[in-house]
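Undergrad: Model the structure of this input:
(one chain, ligands or ions: 1)
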Amino acid sequence: MSTLVEQLEALGREATAALAEAKTTPETEAWYSEYLGRKGKMTGLLRGLGQLPAEERPAVGKAANEIKVALEAVLQERQAALAQAEMEAALAAEGIDVTMPGRRPQMGKLHPTNQTLREACTILTHMGFQIFDSAEVETDELNFELLNFPPDHPARDMQDTFFTTKKDVILRTHTSPGQIHAMRQYAPEPIRVILPGKVYRKEDVTARSEMMFYQIEGLAVGRNITFSDLKGTLLNFANQMYGDGRKSRFRKSYFPFTEPSVEVDVDCILCGGKGCRVCKYSGWLEILGAGMVHPIVLKNGGYDPTVYSGFAFGMGIERQAMLKRGVDDIRYFYSNDVRFLERL
Ligand code: FA5
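TA: Numbering: from 1, shown residues only. The predicted structure is shown next:
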């Protein structure tokens, strides 16, 4: 019968061969339990140690220890090799090619409304208008009363209002209250200012109308300002904004703060003038309201209306962005669809 040392050596050889067969990390763990674990084959053999004469035991113990240390070293090597192979396989399966060039980060750009706003401001500032900043939260007095909307006058319904919880404090429904701020700052000096910004109206949202949109207000006050100056300014603006080929027209209109008042339409590029839901099947899209500043408004601004006159206009920016960029529904502008924003 072979000695215990020989049996241990045979077990060492068997274990080494078995470990070479282990193909995965879990298989090496199972191998460890089978040979070196608490209930493993090595422990099983060493149970026979007690039956040996005392003088033989140290030699057997030493041999067992050496075999165990050697097996553990082989196990470590095998596990390291398997971990490396498993990592390489996982990387290959993910298909990462480290030699590929990186992805370009997405670049932002100006929103189409902002692009149009800046184009309009550039044209107007080149004509000599200065930009004047004015707040989006206004009082009822500035938004309506000082602009000659009498209290409870039906004209107030022209622009349905968002109110705040503070009495008489509202979100401005148009940029026109800025006229009063500008006049009060500059009177009695002549002025030529534009006031770009957001306005808010409690409106039904449709293909051509939003609840929040941009306007640019224009105001010129001086001693000899006439309706021809207004007309020349707006025609010049339309030519630069839309090109000589595009048609524009003046229509008689009504605003409490201008007299006489007009509205300007541009032929609808979306349907080529044939009629569509954006131009309400008229072939024209209204881009602005304008007129000669009403004497009461001049007076409220600090100018003597017997000496001074002025013109004012208020243009919608999204409507112009639609015309310039061929957008057939105003709701795209604020629906946060990146595909739309990337296209323009
Ligand atoms: C006004 O807001 C006047 N304050 C304009 C004005 C200024 C007249 C100075 C005379 C002197 P109106 O409500 O028409 O007018 O609006 C002006 C422009 O804003 C319109 O021509 C249109 O282009 C745009 N607009 C009006 N309502 C909306 C809306 N709901 N959505 C998008 N654009 C709009």
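
Undergrad: What is the neighbour count of Phe333?
TA: Counted by other CB atoms under 10 Å, the residues lying close to Phe333 total 24. Every C-beta, even on glycine, is put in place using the N, C-alpha and C of the backbone.

Undergrad: That one - that's part of a helix, no?
TA: Yes. Phe333 forms part of a helix when assessed by DSSP: H, G, I helix; E, B strand; the rest coil.

Undergrad: contacting residues around it?
TA: 111-113, 210, 318, 321, 327 (CB atoms under 8 Å, 6 or more residues apart in numbering).

Undergrad: ok, and the most crowded of the residues you listed?
TA: Ranked by neighbours (other CB under 10 Å), the contacts of Phe333 are led by Ala321, which has 26 neighbours.

Undergrad: from the stretch 1-150 of the chain, which residue is nearest to the ligand?
TA: With CB to the nearest ligand atom as the measure, Leu147 is the residue of the stretch 1-150 of the chain nearest to the ligand, at 8.1 Å.

Undergrad: Please name the nearest non-neighbouring residue to that residue.
TA: The shortest distance from Leu147 to any non-neighbouring residue, by CB to CB, 6 or more residues apart in numbering, is to Phe257 (4.1 Å).

Undergrad: can I assume that neighbour is in contact with Gly178?
TA: No. Phe257 is not in contact with Gly178 according to CB atoms under 8 Å; the separation is 11.9 Å.

Undergrad: one step back: return the residues in contact with the residue nearest to Leu147.
TA: 147-149, 176, 179, 291, 293-294, 297, 312.

Undergrad: Of these, grab the buried ones for ChimeraX.
TA: For the buried members of the contacts of Phe257, the matching ChimeraX selection, counting by 16 or more other CB atoms under 10 Å, is:
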select :147,148,149,176,179,291,293,294,297,312
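
Undergrad: Can you list which of the contacts of Phe257 are found in strands?
TA: 291, 293, 312 (DSSP state E).

Undergrad: I'd like to know how far the last one sits from Val293.
TA: In this structure, Ala312 and Val293 are 5 Å apart, going by CB to CB, to the nearest Å.

Undergrad: shared neighbours, those two?
TA: 179, 219, 257-258.

Undergrad: Kindly present the contacts of Phe257 as a markdown table, with separate columns for pLDDT and distance to Leu270.
TA: Below are the contacts of Phe257 laid out as a markdown table (pLDDT from 0 to 100; distance: CB to CB, whole Å):
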| residue | pLDDT | distance to Leu270 |
| --- | --- | --- |
| Leu147 | 97 | 32 |
| Asn148 | 95 | 35 |
| Phe149 | 91 | 33 |
| Ser176 | 98 | 28 |
| Gln179 | 98 | 31 |
| Gly291 | 98 | 27 |
| Val293 | 98 | 33 |
| His294 | 98 | 34 |
| Val297 | 98 | 35 |
| Ala312 | 98 | 28 |
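
Undergrad: Dump the contacts of Phe257 into a markdown table; add distance to Arg201 as well.
TA: Formatted as a markdown table, the contacts of Phe257 follow (distance: CB to CB, whole Å):
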| residue | distance to Arg201 |
| --- | --- |
| Leu147 | 15 |
| Asn148 | 19 |
| Phe149 | 14 |
| Ser176 | 13 |
| Gln179 | 18 |
| Gly291 | 20 |
| Val293 | 22 |
| His294 | 22 |
| Val297 | 21 |
| Ala312 | 19 |
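
Undergrad: what helices or strands is the helix or strand harbouring Arg13 leaning on?
TA: Applying DSSP states H and E as the criterion places Arg13 in helix 4-21. For helix 4-21, the elements it packs on are helix 25-35, helix 41-46, helix 57-94, judged by 3 or more CB pairs under 8 Å, 6 or more residues apart in numbering; DSSP states H and E.
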